[in-house]
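Visitor: model this:
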Amino acid sequence: MNLLEIPTLHSEPVISCCFESSKAIVASGCEGAQVCFTSLNDRTGIGQIQFDDDVCTSIKPSGKDGSIYFCSVGNAVYTLDVRKEFGKNSIVETFVCGDEEVNSIAINTLETKLAAGDDSGEIYCFDLDGQRGSSTADTAVKKKTTCRRVLRRGHTNVCSSVLYRKKNCNEILSGGLDCLMIRWDPDKLKIGKSWTMPGLSSGTRTINPPMIHSIDSYYSRETNKELVAVARGDGCVAMYDADAKNQHVPQRQQHARKNNAVANPDSLVWMALDDDNCHTAACNTVCFSSLQNNTRPVLLSGGNDSRLLCWDWNTETSLLYDVSNKNKINCISSIQSERESGCIGVLGDVAGRLKAILLD
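Guide: Have a look, this model is predicted:
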């Protein structure tokens, strides 16, 4: 596995990136409130949108229309239609959240719902207009959409990552800097399950708390199970059963668990630790991606140690590849449609660079 630089229009650290498969476009956001669009085939920048301020913390493509993207900048989420041009005229809808910065956005598989997690730990849920994909840049009406419901009293700190489940497209998974991962039922405004990341006492792990920086999920139709991978601040990469249920805790154990919380071992599917040559600094991002001739995906992770790691979580020898990047890695996006050409993903780093992840 190796990395190939993709020239971009960014001049500041890349915070988020995604891949749109129908046109082979990489969309990325940076600290300078800028969204750039890069052709993976030509390896050239094709356009950019400059917002007034703040950071573009998250960006997702539409699964229905290759010209539609969703991105978060500041305390709002924007729908972008780049069919005709790049610029502020590409903004066709604004989703108004709270007063805090949005860190992560998610779109469900039916593209009927949008979720946004912010610095306060709250998650804002919106209904998407089903006719959005049929509009054009010439006729689209710019509008503001208010929040349908807010998920509160879950995270006590920053909500750093949100996603809609693949098995149940109405449920939300979220991770936060409070070391909690939560499964939500947005319709009932209730928590279905919560996981507390256990602290570890080996190597440098005692210094850095297991804050959650990123989550990603994989659904197997064969087993009808959904797994969720977690990127942690102590450098660990872990995987949990997203369908796990909360177990009853006897009264005499509740106080001890609050002071020394440990995730339910039945829901922990896999964890990479020091012995597996895991990250030596915070892990910022995780992403499932498929290799050639491999029915189950591998897990890609990147961190502040400037390393890209590729994990085969189905085998005893977990670490497949360990690739050094010159700079800290902030984000990774998988590229399923380009696997035959050897490209399985794209990463963005603090130097403002995008790099294609290639198989040897």
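
Visitor: Need the contact partners of stretch 30-38.
Guide: 6-15, 25-29, 44-56, 59, 69, 71, 73-74, 80, 82, 86, 352, 354 (C-beta atoms under 8 Å, 6 or more residues apart in numbering). Backbone N, C-alpha and C define where each C-beta goes, glycine included.

Visitor: ok, Asp234 touching Asn208?
Guide: Yes - if you go by C-beta atoms under 8 Å, Asp234 and Asn208 touch, sitting 4.3 Å apart.

Visitor: what packs against the helix or strand that contains Ile46?
Guide: If you go by DSSP states H and E, Ile46 is part of strand 44-50. With contacts taken as 3 or more C-beta pairs under 8 Å, 6 or more residues apart in numbering; DSSP states H and E, strand 44-50 sits against strand 34-39.

Visitor: Each with direction, which strands does the strand it packs on pair with?
Guide: Strand 34-39 has its sheet partners listed here by DSSP bridges as strand 25-30 (antiparallel), strand 44-50 (antiparallel).

Visitor: in the longest one, what counts as buried?
Guide: Translated: strand 44-50. Residues of strand 44-50 classed as buried by neighbour count (16 or more other C-beta atoms under 10 Å): 45, 47-49.

Visitor: Give me the angle between the next helix or strand along the chain from that strand and strand 44-50.
Guide: Counting by DSSP H and E, the next helix or strand C-terminal to strand 44-50 is strand 56-61. Interaxial angle of strand 56-61 relative to strand 44-50 (axes from the mean of the first three to the mean of the last three C-alpha atoms, to 10 degrees): 120 degrees.

Visitor: counting contacts, what elements does strand 56-61 pack onto?
Guide: Counting contacts by 3+ C-beta pairs under 8 Å, 6+ apart, strand 56-61 packs against strand 14-20, strand 25-30, strand 34-39, strand 68-73, strand 102-107.

Visitor: Serialize those strands to CSV and add fields for mean pLDDT.
Guide: Formatted as CSV, the helices and strands packed on strand 56-61 follow (pLDDT from 0 to 100):
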stretch, mean pLDDT
strand 14-20, 96
strand 25-30, 96
strand 34-39, 95
strand 68-73, 96
strand 102-107, 98
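
Visitor: Mind putting the ones you listed into CSV with distance to Gly192?
Guide: Below are these laid out as CSV (distance: least, C-beta to C-beta, whole Å):
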stretch, distance to Gly192
strand 14-20, 27
strand 25-30, 31
strand 34-39, 34
strand 68-73, 25
strand 102-107, 16
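
Visitor: Select, out of these, the one closest to Tyr164.
Guide: Go through these one by one with C-beta to C-beta and the one that ends up closest to Tyr164 is strand 102-107, at 5.0 Å.

Visitor: Could you identify the helix or strand that succeeds the helix or strand of the chain with the lowest mean pLDDT?
Guide: None of the helices or strands of the chain scores lower by mean pLDDT, DSSP states H and E than helix 251-259, at a mean of 35. Following the chain from helix 251-259 toward its C-terminal end, the next helix or strand by DSSP H and E is strand 268-272.

Visitor: Parallel or antiparallel, list what pairs with that following strand.
Guide: Sheet pairing for strand 268-272, assigned by DSSP bridges, gives strand 237-241 (antiparallel).

Visitor: isn't Gly87 right up against Ile49?
Guide: Yes - taking contacts as C-beta under 8 Å, Gly87 lies within contact range of Ile49: 6.0 Å.

Visitor: Any chance of the backbone angles for Asn89?
Guide: Backbone torsions of Asn89, given as degrees, to the nearest 10, read phi -70, psi -10.

Visitor: Tell me how far it lies from Ile105.
Guide: According to C-beta to C-beta, to the nearest Å, Asn89 and Ile105 sit 22 Å apart.

Visitor: out of these two, which sits in the busier spot?
Guide: Ile105 (26 against 14; other C-beta atoms under 10 Å).

Visitor: how close does that one sit to Gly29?
Guide: Distance from Ile105 to Gly29, counting by C-beta to C-beta: 11 Å.

Visitor: Name the residues contacting each of those two.
Guide: Listed as contacting both Ile105 and Gly29 by C-beta under 8 Å, 6+ apart are 58-59, 71.

Visitor: With respect to Arg153, which of these is nearest?
Guide: Distances from Arg153 to the shared contacts of Ile105 and Gly29, taken by C-beta to C-beta, are shortest for Ser58, at 23.0 Å.

Visitor: which residues does the closest one bridge with?
Guide: Note on Ser58: beta-bridge partners by DSSP bridges are Ser72.

Visitor: pretty sure it is touching Glu101, no?
Guide: No - contact between Ser58 and Glu101 fails when scored by C-beta under 8 Å: they sit 10.7 Å apart.

Visitor: With neighbour numbers in mind, choose between the two.
Guide: Ser58 (25 against 18).

Visitor: What's the mean pLDDT across whichever strand or helix holds Gly117?
Guide: Assigned by DSSP H and E, Gly117 belongs to strand 113-118. Here strand 113-118 scores 97 as its mean pLDDT.

Visitor: Direction included, what does that strand pair up with?
Guide: Strand pairing for strand 113-118, using DSSP bridges, gives strand 102-107 (antiparallel), strand 123-127 (antiparallel).

Visitor: what comes up buried for the last one?
Guide: Counting neighbours by 16+ other C-beta under 10 Å, one finds that the buried residues in strand 123-127 are 123-126.

Visitor: what's the burial count for the closest residue to Glu171 other than its chain neighbours?
Guide: Spatial nearest neighbour of Glu171, excluding adjacent residues (C-beta to C-beta, 6 or more residues apart in numbering): Arg165 at 4.5 Å. With neighbours defined by other C-beta under 10 Å, the count for Arg165 comes to 21.

Visitor: so what's Arg165 up against?
Guide: Shown in contact with Arg165 (C-beta under 8 Å, 6+ apart): 171-173, 183, 217, 219, 226, 242.
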